[in-house]
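Undergrad: Pasting a predicted model and its sequence here:
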Amino acid sequence: MVSITKRLTAAASVVLIGFVGFTGFALEQSYRESAEVALKDRLQGFVFTLLAASEIDASGLTVKDLPEARFYTPSSGLYAKIFSHDDPSHWDSPSSLGVTLFFPDGPIGQYIYQKSSNTEGDFMAISFSVVWEVGNDAERQYTFSVAENLSTYYEQVSGFRQHLWMWLGGLALVLLSIQVAILRWGLRPLHQVADDLKSIQMGDKSALEGEYPSELSELTGGLNDLLINERAMQTRYRHSLGDLAHSLKTPLAVLQGEVEQCKESPQLVDALTDQVERMNRIVKYQLQRAVSSSGGALSAALPIEPITAKIVNSLQKVYRDKSIEAVVSLDETAMFHGEEGDLYEIVGNLSDNAFKWCDHKVSVEVVRVEGRRGRDAAEITIEDDGPGVPDAQKMQILKRGVRADEQTPGWGIGLSIVMEIIDGYGGAVVVKDSALGGAKFEVRLP
């Protein structure tokens, strides 16, 4: 998920861009309409000027002394025309020489506007029709028309648009920078909480000790309570585990003494000796975990092959009555970076399950494979030809207290211990169907 700062910055940017865009569009449209109104007012002024300079009598139409010099300059962009439907005579401004224009015509006393185009560009034209008395109570209708090139209007609008978006863009960048600064300042307590949590993980602090805003006080207080409870649970767990391991030392010592005195069955003595040694290793390992304040794995590399071979040989003695065929393929280069006791837990639990549930055959394979980020990994595959694990239970049996067969005695914690250890080393375990017909456990360890 994207960080809160980036999400808020993106949201603020979208809102700001939308606001600036709408504001710019509205201002540009307003200016465009104002400029067009100004253009039409100017054209009306030219019509009044044309009316004032016109003289119409029975002899015809004349126009004198127009104050605007562009009416007399060819191709100046400002043109005028006076025509009548009742009189064949008409007047064109000298500026319109060689220029073809289309002027609108309309009712008397109304201003008619029209945009048109020719080879010189776009034009805005205005026409105003009047009734003129021409002696002897005679009346004629004349239309006074003025047209102006829109290039100046376009330049004004374009110049305003450039300046407008330049200023709005600069303002948007400034506002966005201010918003980012405010967001960083406002979210600084969250970064402080994250830094304090990292310090707790590194062991530099034992609790969240900083001063936090009222909005975070309940969160930080709850986290401190959680840390206290977690440490108390760890302490109780270590004490309970230590008590359990310590209480087993005496019965194991007695059992070991009895094994040494039993000489009647060498095979039984070997099997019991292996199991007593394994139990002693487990006790030592659990005692070490119980008294250790940290759960970090050692970085020394351990070869997997001799430990796996020892476990398989011990299990063959324990389950010798089943006449199990164990197919073992061990890569001597496969290494495990961690504690020896953890490796015994992983391989021992999975192998013991395979021997317990198989019919006649178990396969144990250890290979060295290429892992992520260029680091090699060890892949341990343990299969059997037993009844297997239903698909619905493949992930459930890895949870604490869950067993595939509730009728079989047990606590259902062996596989959960394996899962916890593997998770602690950043590994993975997958339960599949074996080609032998039973269950297949694939474990990958960095």
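TA: That came through fine.
Undergrad: can you point me to the longest strand in the protein?
TA: strand 121-133 (DSSP state E).
Undergrad: Could you list the buried residues of that one?
TA: 123-129, 132 (16 or more other C-beta atoms under 10 Å). (C-beta placed from N, C-alpha, C; glycine too.)
Undergrad: and what of stretch 356-370?
TA: Buried residues in stretch 356-370, counted by 16+ other C-beta under 10 Å: 356-358, 361-366.
Undergrad: Return the helix or strand in the protein with minimum mean pLDDT.
TA: helix 266-291 (a mean of 66; mean pLDDT, DSSP states H and E).
Undergrad: what residue ranges in the protein score low on pLDDT?
TA: 1-2, 58-60, 135-137, 238-243, 245-272, 278, 283-300, 371-375, 400-413 (pLDDT under 70).
Undergrad: Domains in it, by residue range?
TA: According to automatic domain parsing, the chain comprises the domains 4-156, 208-295, 297-445.
Undergrad: Quick check: which of these is nearest to Gly169?
TA: Between Gly169 and the domains of the chain, the shortest gap by C-beta to C-beta is with domain 4-156, which sits at 7.7 Å.
Undergrad: Span of that closest one from start to end?
TA: 44 Å (C-alpha to C-alpha, to the nearest Å).
Undergrad: Which phi and psi values does the nearest residue to Leu66 once chain neighbours are set aside adopt?
TA: Nearest non-adjacent residue to Leu66, counting by C-beta to C-beta, 6 or more residues apart in numbering: Ala53, 5.2 Å away. The phi and psi torsions at Ala53 (degrees, to the nearest 10) take the values phi -90, psi 0.
Undergrad: Verify the contact between Ala53 and Lys64 for me.
TA: Yes: the pair Ala53 / Lys64 is scored as a contact, 5.6 Å apart, by C-beta atoms under 8 Å.
Undergrad: neighbour-wise, which of these two wins?
TA: Neighbours per residue, other C-beta atoms under 10 Å: of Ala53 and Lys64, the larger number sits with Ala53, 16 against 8.
Undergrad: which residues of the stretch 1-150 of the chain fall in strands?
TA: Per DSSP state E, counting those that start in this stretch, the stretch 1-150 of the chain carries strands over the ranges 54-57, 60-63, 78-84, 91-92, 111-118, 121-133, 139-149.
Undergrad: Including distance to Thr5, could those go into JSON lines?
TA: Shown next, in JSON lines, are the strands of the stretch 1-150 of the chain (distance: least, C-beta to C-beta, whole Å):
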{"stretch": "strand 54-57", "distance to Thr5": "72"}
{"stretch": "strand 60-63", "distance to Thr5": "72"}
{"stretch": "strand 78-84", "distance to Thr5": "59"}
{"stretch": "strand 91-92", "distance to Thr5": "69"}
{"stretch": "strand 111-118", "distance to Thr5": "51"}
{"stretch": "strand 121-133", "distance to Thr5": "50"}
{"stretch": "strand 139-149", "distance to Thr5": "53"}
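Undergrad: Distance-wise, check Leu227 relative to Leu197.
TA: Separation of Leu227 from Leu197 (C-beta to C-beta, to the nearest Å): 10 Å.
Undergrad: now the longest strand of the chain, how far from the chain's geometric center?
TA: On the basis of C-alpha atoms, centre = their mean, to the nearest Å, strand 121-133 sits 63 Å off its chain's mean C-alpha point.
Undergrad: which strands and helices sit next to it?
TA: helix 4-52, strand 111-118, strand 139-149, helix 151-202 (3 or more C-beta pairs under 8 Å, 6 or more residues apart in numbering; DSSP states H and E).
Undergrad: deepest of these, which one?
TA: By mean neighbour count, with neighbours taken as mean count of other C-beta atoms under 10 Å, strand 139-149 ranks first of these at a mean of 21.
Undergrad: what helices or strands is that strand leaning on?
TA: Counting by 3+ C-beta pairs under 8 Å, 6+ apart, strand 139-149 packs on helix 4-52, strand 54-57, strand 78-84, strand 121-133.
Undergrad: Pull out the buried residues from the second one.
TA: Read it as strand 54-57. Quick answer for strand 54-57 (16+ other C-beta under 10 Å): 54, 56.
Undergrad: List the pairing partners of that strand within its sheet, with orientation.
TA: Using DSSP bridges, strand 54-57 pairs in its sheet with strand 60-63 (antiparallel).
Undergrad: hey, C-alpha coordinates of the partner strand in PDB?
TA: Extracted in PDB, the C-alpha atoms of strand 60-63 (Å, rounded to 0.1, in the frame of the first residue of the first chain):
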ATOM      1  CA  GLY A  60     -27.000  60.100 -53.700                       C
ATOM      2  CA  LEU A  61     -24.800  59.000 -50.800                       C
ATOM      3  CA  THR A  62     -21.500  60.600 -49.600                       C
ATOM      4  CA  VAL A  63     -19.300  60.000 -46.600                       C
END
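Undergrad: Report the buried residues of that strand.
TA: The neighbour-count check on strand 60-63 (16+ other C-beta under 10 Å) flags 61, 63 as buried.
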